[in-house]
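Novice: This is the structure alone, sequence omitted:
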DNA sequence: CGTTATTTGTCCGTATGTATA
DNA sequence: ATATACATACGGACAAATAAC
């Protein structure tokens, strides 16, 4: 029996899978065997295995066992996982990336009919409208167009926008971000994109649209992140 | 107490949320109240609520309750959810779409060093290499470039490819698809894209790369789906 | 402002179902 | 047909965050 705290079980199993420890049979030990080894409940073991499955490392088959998946190569592009927030603020730390944020526009406006249709904020609501260019590895790679409900997220300044609005929301306003609904499209680049981004010969951008909600269920943000081709990857693992 | 079978609880709650039944307080009843109403275990209630959360309709907050999120508008583009398989075969049925598949190329080849690097199939493995153009609403919208391991998925024919290879895998070969790992990039369109797709003035494509695994953990497919801008949306819901 | 009540989250043990070997 | 192994479901106990007083 191995001496391991509950939190470590996932880490231990993950390392073993990556090292090929279980690869000979392409199977994990049974739940009962792992319960024995780690001296812990079935619930805890299943939780660790579920996490491994979410990483795309293993797959559970009823009546068979937990299968180890063949490993696929790592990518060298900037890895977004469709789960990053606040533009490119919280990227994987193992990817060394030079970043710089340039404020291209900063306004306070009232939502009109046209903006309502785009952002789904109610007409008449005061909002911050901010445009920021994200410079990554000496390229203008992302144009963030943010709209924040000023009633829910008050007091944004250009200085805050230059740093991280999400840090301000979480740390200073003590607001909880609950859910972000995201859409990803590919669109023909418009004038603003060409003006701010290093598109090269490309005439399209990726457009990641985000609707963010706090834990009162209120939408406090609408954001479009326009990014240049070839530099970003979105990952997803689908289980059947 | 409402007479409801276990499976219906999610459906009933979903309908109530959509209808705004709980919107006055922006809260769902407590778990205990729902246990009372539906006369069912806490486990079952929590399962239904979890499903609602995955739909992006509600969000649970410890010590507070289950919050109903403000609703965002539906989109009119073809909705892919990053979770569709086999190109565009299994789309939402509420979106009426004309489809047609044209086989552009069909070959059996052996994996060489270059193909190994791209597909991550082992060198020497026999594979099917298939190119299909997906015509949607009278536009050449998607170019599917499929590579299937012929040892794991034998017997593919142009006739099968014209219909659905995934149907063949599941129904005829009785093989289980376990996991699909997917990457989405935006790339500059190449000659083949321009030749097969109705790109118009755009010179970029979306490239959805899929690695598919069966329940033995073996990778049986590598696919690139190149699609034209403006017609597709990928959705995701991120919970914190 | 501190204390108590409320409400969801986590964890455990157990029993039964279901697909696989 | 039998044994194996993961999936689902239930009830209960306690922890942790929030709300109410």
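Specialist: Yes, it's here. Remember, it's a predicted structure, so these values are computed and weren't measured experimentally.

Novice: Would you mind naming what in chain A lies close to DNA strand C?
Specialist: Selection of chain A residues close to DNA strand C by Cβ under 7 Å from any atom of the strand yields A:6, A:40-44, A:47, A:61-64. Glycine gets a C-beta too; all of them are placed from N, C-alpha and C.

Novice: does the closest residue to residue A:107 other than its chain neighbours have beta-bridge partners, and which?
Specialist: For residue A:107, ignoring the flanking residues on the chain, the nearest one in space by Cβ to Cβ, 6 or more residues apart in numbering or on different chains is residue A:129 at 4.7 Å. The bridge-partner assignment for residue A:129, based on DSSP bridges, gives residue A:107, residue A:147.

Novice: sorry, back to before: now narrow the residues of chain A next to DNA strand C to whatever sits close to DNA strand D.
Specialist: The subset of the residues of chain A next to DNA strand C lying close to DNA strand D, counting by Cβ under 7 Å from any atom of the strand, consists of A:61-64.

Novice: residue contacts, the nearest residue to residue A:65 once chain neighbours are set aside?
Specialist: With Cβ to Cβ, 6+ apart as the measure, residue A:27 is the residue that lies nearest to residue A:65, at 4.9 Å, once sequence neighbours are left out. Contacts for residue A:27 were tallied using Cβ atoms under 8 Å, 6 or more residues apart in numbering or on different chains; they are A:65-68.

Novice: which one of the ones next to DNA strand D among the residues of chain A next to DNA strand C sits closest to DNA strand C?
Specialist: Proximity of these to DNA strand C was ranked by Cβ to the nearest atom of the strand; the top entry is residue A:63 with 2.1 Å.

Novice: hey, where'd the helices end up in chain A?
Specialist: Secondary structure of chain A (DSSP state H): helices at A:6-19, A:31-38, A:42-54, A:113-119, A:158-162, A:165-167, A:191-196.

Novice: any idea how far residue A:174 is from residue B:45?
Specialist: Per Cβ to Cβ, to the nearest Å, residue A:174 is found 30 Å from residue B:45.

Novice: Between these two, which has more neighbouring residues?
Specialist: With neighbours defined as other Cβ atoms under 10 Å in any protein chain shown, residue A:174 and residue B:45 compare such that residue B:45 has more, 23 against 7.

Novice: For that one, give me its contacts.
Specialist: By Cβ under 8 Å, 6+ apart, the contact list for residue B:45 reads B:9, B:31, B:34-35, B:38.

Novice: Now it: closest residue in space, sequence neighbours ignored.
Specialist: Excluding the flanking residues, the one nearest residue B:45 by Cβ to Cβ, 6+ apart is residue B:34, at 4.7 Å.

Novice: returning to what we had before: could you identify which of the helices of chain A is most buried?
Specialist: helix A:165-167 (a mean of 18; mean count of other Cβ atoms under 10 Å in any protein chain shown).

Novice: Please compute how far it lies from its chain's middle.
Specialist: Between the mean C-alpha location of helix A:165-167 and the chain-wide mean there is a distance of 14 Å, by Cα atoms, centre = their mean, to the nearest Å.

Novice: Which single one of the contacts of residue B:45 is nearest to residue B:107?
Specialist: Among those, residue B:9 lies closest to residue B:107 (Cβ to Cβ), at 50.8 Å.

Novice: so who does that closest one touch?
Specialist: Applying Cβ under 8 Å, 6+ apart, one finds that residue B:9 lies in contact with B:34, B:38, B:40, B:44-45, B:48.

Novice: Repeat the analysis, applying 10 Å as the threshold.
Specialist: If you count contacts by Cβ atoms under 10 Å, 6 or more residues apart in numbering or on different chains, residue B:9 has them with B:2, B:34, B:37-38, B:40, B:44-45, B:47-49, B:51.

Novice: Format the residues you listed as a markdown table; extra columns: pLDDT.
Specialist: Output for those, formatted as a markdown table (pLDDT from 0 to 100):
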| residue | pLDDT |
| --- | --- |
| B:2 | 51 |
| B:34 | 97 |
| B:37 | 95 |
| B:38 | 95 |
| B:40 | 96 |
| B:44 | 97 |
| B:45 | 98 |
| B:47 | 97 |
| B:48 | 97 |
| B:49 | 98 |
| B:51 | 97 |
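
Novice: Tell me the one among the residues you listed nearest to residue A:136.
Specialist: Within the set of these, residue B:51 lies nearest residue A:136; the separation is 37.5 Å, counting by Cβ to Cβ.

Novice: so the closest one touches residue B:44, yeah?
Specialist: No. Because the distance of 11.1 Å does not satisfy Cβ atoms under 10 Å, residue B:51 is recorded as not touching residue B:44.

Novice: farthest pair in the contacts of residue B:45?
Specialist: For these, the farthest-apart pair by Cβ to Cβ is B:9 and B:31; their separation is 11.9 Å.

Novice: which neighbours do those two share?
Specialist: Taking Cβ under 10 Å, 6+ apart as the contact rule, the neighbours common to residue B:9 and residue B:31 are B:45, B:49.

Novice: what's the pLDDT at residue A:140?
Specialist: What the model reports for residue A:140 is a pLDDT of 95.

Novice: That one: neighbouring residues, count only.
Specialist: Counted by other Cβ under 10 Å, the residues lying close to residue A:140 total 18.

Novice: ok, it touching residue A:205?
Specialist: No. Applying Cβ under 10 Å, one finds residue A:140 not in contact with residue A:205, separated by 11.5 Å.

Novice: if we can go back for a sec, which single one of the residues of chain A next to DNA strand C is nearest to residue A:150?
Specialist: Sorting these by how near they are to residue A:150, with Cβ to Cβ, puts residue A:47 at the top with 41.1 Å.

Novice: Tell me the residues of chain A that contact DNA strand D?
Specialist: A:28, A:30-32, A:46, A:60-66, A:176, A:215.

Novice: Mark which of the residues you listed are part of strands, please.
Specialist: Restricting the residues of chain A next to DNA strand D to those inside strands, with DSSP state E as the criterion, leaves A:60-61, A:65-66.

Novice: Most neighbours out of the ones next to DNA strand D among the residues of chain A next to DNA strand C, which is it?
Specialist: Among these, where neighbours are counted by other Cβ under 10 Å, the top count belongs to residue A:61, at 14 neighbours.

Novice: Could you measure from the residue nearest to residue B:45 over to DNA strand D?
Specialist: Taking Cβ to the nearest atom of the strand, to the nearest Å as the measure, residue B:34 falls 12 Å from DNA strand D.

Novice: Looks like that residue contacts residue B:43 (just checking).
Specialist: No. Applying Cβ under 10 Å, one finds residue B:34 not in contact with residue B:43, separated by 11.9 Å.

Novice: Closest to residue A:134 out of the contacts of residue B:45?
Specialist: Using Cβ to Cβ, the shortest approach to residue A:134 within the contacts of residue B:45 belongs to residue B:31, at 42.3 Å.
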